[in-house]
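[1] Test case, fold it:
(one chain, ligands or ions: 1)
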Amino acid sequence: MKEMLAKIRENAALEISAINIDSEEAKNLLEDARVKYLGKKGELTSVLRGMGGLSPEMRPVIGQVSNEVREFIEKEVEEKKNLIAQRETARRLEKEVIDVTMPGKRNTSGRLHPLTQVLTEIEDIFIGLGFEIAEGPEVELDYYNFEALNIPKNHPARDTQDTFYINDNIVLRTQTSPMQIRVMEKTKPPIRIIAPGRVYRSDAVDATHSPLFHQIEGLVIDKGVTMADLKGSLELFAKKLYGEDAVIRFRPHHFPFTEPSAEVDICCFSCGGKGCRLCKGEGWIEILGAGMVHPKVLETCGVDPKEYSGFAFGLGLERIVMRRFDINDMRLLYENDLRFLKQF
Ligand code: DAH
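    Down below sits the predicted model:
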C-alpha cells in the first residue's frame with residue numbers, strides 16, 4: 001500500500017504541475033485534479049478503504065503515510081491555486097490599464113431651444129402676475145377650435161385659419177383660443193391662466209410661415225374685469241419682456257370671440273418709433289391680439305355675463321423669438337441644426 005500511496009503522490013504532483021496557469025481552463029483542471037485525488041470517491045480515499053485488511057502494526061504506519069500524502073497534495077493544490085489567481089490578476093491589470101496622459105472625453109451639455117427659452121421667460125412673467133399654466137390637446141374638436149369661439153361653419157374667419165381636418169369634427173387646432181373654452185367649462189371664476197402650445201395651419205412654408213407654430217393664450221375671468229385691466233396687464237407684461245421703457249398701443253380690430261377687440265403693438269425698440277428696417281418703417285410692431293371676452297362665449301361656457309366679465313389675449317411665440325434674437329428665417333427654428341442652435 002505504501003507503493004500505491006507513493007504512486008498517487010507522484011501522479012498528483014505531475015498532474016498538478018502540468019496545468020498551464022496561462023490557460024483559461026487552469027481553474028477547472030485544478031479542481032478536477034483535486035477531486036480525482038482528494039475527493040470522497042478519490043484515489044486516496046479508495047486506498048484508505050483497504051486499510052481494514054492491514055495488520056494492527058501496519059495500520060498506523062500507512063495512516064501516517066496517507067496523511068502525509070494528503071497534506072502534500074493539498075499543499076500542491078493550494079500553491080497552484082494561488083499561482084493561477086496571481087496570473088489572473090496580472091492579466092486583468094494589464095487589460096484594464098488606464099493611460100492618465102490621454103486627453104479626457106469632453107462633456108458637452110445641451111441647452112434650451114430659443115423657443116423654450118423665451119416661452120419660459122414669458123411663463124415666469126405671467127406666473128409672477130398670478131396666472132396659472134393650462135395645457136390642452138393639439139388635436140381638437142371643431143367645436144372648441146371654432147364653434148364655441150363664435151366662429152360658426154360658414155364664418156369667414158375660418159378661411160384665414162384653414163387647417164388639417166382629421167374628420168368633419170376634429171381638427172389640428174389653429175389657435176390656443178380653444179383653451180379659453182376648455183378652462184371655463186371646467187373652472188369656476190376667478191380664472192387667470194395662460195395656455196401655451198403648438199398650433200397648426202395649412203400654410204406653405206416660407207421665411208415667416210410654418211404649418212406648425214406656437215401661441216400663448218391668456219384668459220382672465222372675474223367680477224368687474226374691464227378693458228383697463230387688460231391694458232394694465234399687457235403693459236406690465238411688455239415692460240417685463242422688453243424693458244421698463246416699453247410702450248404699447250391698442251389698435252381697434254376684430255376677433256369673433258372678443259368684443260371689443262384690439263391688436264396690440266409695441267413701439268419699435270430698435271428705432272424708438274421713428275421707423276426702421278425692423279418695424280418696416282411703421283415705428284410700431286404688432287405683438288398680439290386681445291379683447292374683452294364676448295358675452296356669447298361666456299354664455300356658451302355657462303358663465304353668466306351679467307355677473308362676470310373678462311379679457312383674453314393671444315400671442316405668437318415665434319415672432320417674439322425671431323425679433324429677440326434677430327432671426328430672419330422661421331425655418332431655422334425647426335431644422336435642429338446645431339450650428340444654428342448653439343448660438344443661443
Ligand atoms: N387666436 C387668435 C389668432 O390666432 C389670437 C387672439 C386674438 C387670441 C384675440 C385671443 C384674443 O385670446 O382675445 O389669431
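[2] From now on I want contacts and neighbour counts done on CA atoms only, so please keep to that.
    Will do.
[3] In terms of helices and strands, where is the residue lying closest to residue 34 once chain neighbours are set aside?
    Excluding the flanking residues, the one nearest residue 34 by C-alpha to C-alpha, 6 or more residues apart in numbering is residue 77, at 6.9 Å. Using DSSP states H and E, the element containing residue 77 is helix 58-95.
[4] and what of residue 266?
    Per DSSP H and E: strand 258-267 holds residue 266.
[5] Would you mind measuring the gap between the ends of stretch 17-24?
    Using C-alpha to C-alpha, to the nearest Å, the end-to-end distance of stretch 17-24 comes to 16 Å.
[6] Report the distance from that stretch to the chain centre.
    52 Å (C-alpha atoms, centre = their mean, to the nearest Å).
[7] Check stretch 74-82 too.
    56 Å.
[8] what does the lowest-mean-pLDDT helix or strand in the chain rub up against?
    Here the helix or strand of the chain ranked lowest by mean pLDDT, DSSP states H and E is helix 43-49, holding a mean of 82. Contact with helix 43-49 is made by 1, 4, 5, 8, 36, 37, 38, 39, 63, 66, 70, as judged by C-alpha atoms under 8 Å, 6 or more residues apart in numbering.
[9] Quick one, which of those residues are buried?
    5, 8, 36, 37, 38, 66, 70 (16 or more other C-alpha atoms under 10 Å).
[10] Which member of those residues is positioned nearest the ligand?
    residue 36 (87.1 Å; C-alpha to the nearest ligand atom).
[11] wait, doesn't the closest one sit right on residue 42?
    Yes. Counting by C-alpha atoms under 8 Å, residue 36 does reach residue 42; the two are 4.8 Å apart.
[12] about what we covered before: can you spell out which helices and strands pack onto the helix holding residue 77?
    For helix 58-95, the elements it packs on are helix 2-18, helix 26-38, helix 43-49, judged by 3 or more C-alpha pairs under 8 Å, 6 or more residues apart in numbering; DSSP states H and E.
[13] Single out the most deeply packed of those.
    helix 26-38 (a mean of 17; mean count of other C-alpha atoms under 10 Å).
[14] Now do that helix against helix 58-95, angle only.
    180 degrees (axes from the mean of the first three to the mean of the last three C-alpha atoms, to 10 degrees).
[15] May I have helix 26-38 as CSV, with CA atoms only?
    Backbone C-alpha positions of helix 26-38 (Å, rounded to 0.1, in the frame of the first residue of the first chain) are rendered in CSV as follows:
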residue,chain,number,x,y,z
ALA,A,26,-6.5,26.1,-15.4
LYS,A,27,-9.0,26.7,-12.7
ASN,A,28,-11.2,23.8,-13.8
LEU,A,29,-8.4,21.4,-14.4
LEU,A,30,-7.0,22.1,-10.9
GLU,A,31,-10.4,21.4,-9.4
ASP,A,32,-10.7,18.2,-11.4
ALA,A,33,-7.3,17.0,-10.1
ARG,A,34,-8.3,17.9,-6.5
VAL,A,35,-11.5,15.8,-6.8
LYS,A,36,-9.7,13.0,-8.5
TYR,A,37,-7.1,12.6,-5.7
LEU,A,38,-8.7,14.0,-2.6
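[16] where's residue 11 relative to residue 284, distance?
    Counting by C-alpha to C-alpha, the gap from residue 11 to residue 284 is 103 Å.
[17] cool, residue 216 as well?
    For residue 216, the distance to residue 284 - C-alpha to C-alpha - is 21 Å.
[18] and of the buried ones among the contacts of helix 43-49, the nearest to residue 92?
    residue 36 (29.9 Å; C-alpha to C-alpha).
[19] Report the beta-bridge partners for the residue lying closest to residue 130 once chain neighbours are set aside.
    Excluding the flanking residues, the one nearest residue 130 by C-alpha to C-alpha, 6+ apart is residue 192, at 7.1 Å. Counting by DSSP bridges, residue 192 is bridged to residue 220.
[20] Quick check: the gap between residue 192 and the ligand.
    According to C-alpha to the nearest ligand atom, to the nearest Å, residue 192 stands 13 Å off from the ligand.
[21] do residue 214 as well
    10 Å.
[22] Arrange the contacts of helix 43-49 in JSON lines, one row each, with pLDDT and distance to the ligand as further columns.
    Below are these laid out as JSON lines (pLDDT from 0 to 100; distance: C-alpha to the nearest ligand atom, whole Å):
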{"residue": "1", "pLDDT": "81", "distance to the ligand": "105"}
{"residue": "4", "pLDDT": "85", "distance to the ligand": "102"}
{"residue": "5", "pLDDT": "86", "distance to the ligand": "100"}
{"residue": "8", "pLDDT": "88", "distance to the ligand": "96"}
{"residue": "36", "pLDDT": "89", "distance to the ligand": "87"}
{"residue": "37", "pLDDT": "89", "distance to the ligand": "90"}
{"residue": "38", "pLDDT": "88", "distance to the ligand": "89"}
{"residue": "39", "pLDDT": "88", "distance to the ligand": "87"}
{"residue": "63", "pLDDT": "84", "distance to the ligand": "102"}
{"residue": "66", "pLDDT": "87", "distance to the ligand": "99"}
{"residue": "70", "pLDDT": "89", "distance to the ligand": "93"}
